[in-house]
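>>> when you get a sec, could you give me coordinates for this:
(one chain, ligands or ions: 1)
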Amino acid sequence: MLVKKIEDIKGTEREVHAENGNWTSTRILLKKDNMGFSFHETVIYAGTETLIWYRNHLEAVYCIEGKGEVETIDDGKVYPIEPGTMYALDKNDKHYLRASEDLRLVCVFNPPLVGDEVHREDGSYPILEG
Ligand code: 9YT
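Numbers count the residues shown, from 1 in each chain. Have a look, this model is predicted:
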């Protein structure tokens, strides 16, 4: 049985900050926890836009706080995100994630993240200015 409290994870190597400052993610369960998925709580900061493409992972995201939207790039569809909304990237969908208020999201990845994916398998890239 695994029991964890988010307060105990904050400030450890499982709390990951986006290089561009757009988000902070607490990686509650990782591959080494042997659940077959990873489990994260991510805060996306208000006023940010993040381009995300998880080419090697399926991800489901459930909003518990805040407001924002997801735009899938292939078809230009925009989905509002609010508490109680779930979106699943079942086609490895490339998308923009925008927050108008700080978004608190619970995220599950299959296969599980190992823990050091920020610059590699994560698939998030900053938006280029201009
Ligand atoms: C919203 C979202 O895609 N979260 C993913 C988890 C986070 N980027 C992480 O832990 O790297």
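>>> in the protein, what residue is nearest the ligand?
As assessed by CB to the nearest ligand atom, the ligand sits closest to Ser25 within the chain, at 3.2 Å. Bear in mind the C-beta positions are built from the backbone N, C-alpha and C, glycine included.
>>> check contacts around that residue.
Listed by CB atoms under 8 Å, 6 or more residues apart in numbering, the contact set of Ser25 reads 15-16, 18, 40-43, 107.
>>> filter these down to the buried ones and hand me the PyMOL line.
A single PyMOL command selects the buried members of these (16 or more other CB atoms under 10 Å):
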select buried, resi 16+18+40+41+42+43+107
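>>> just the pLDDT at the residue of the chain closest to the ligand, thanks.
On the pLDDT scale, Ser25 is placed at 95.
>>> and for the one 3 residues further on?
The predicted structure scores Ile28 at 97 on the pLDDT scale.
>>> returning to what we had before: so of the contacts of Ser25, which ones are in strands?
15-16, 40-43, 107 (DSSP state E).
>>> which one of these is nearest to His57?
Cys107 (10.1 Å; CB to CB).
>>> fine by me, we can end here.
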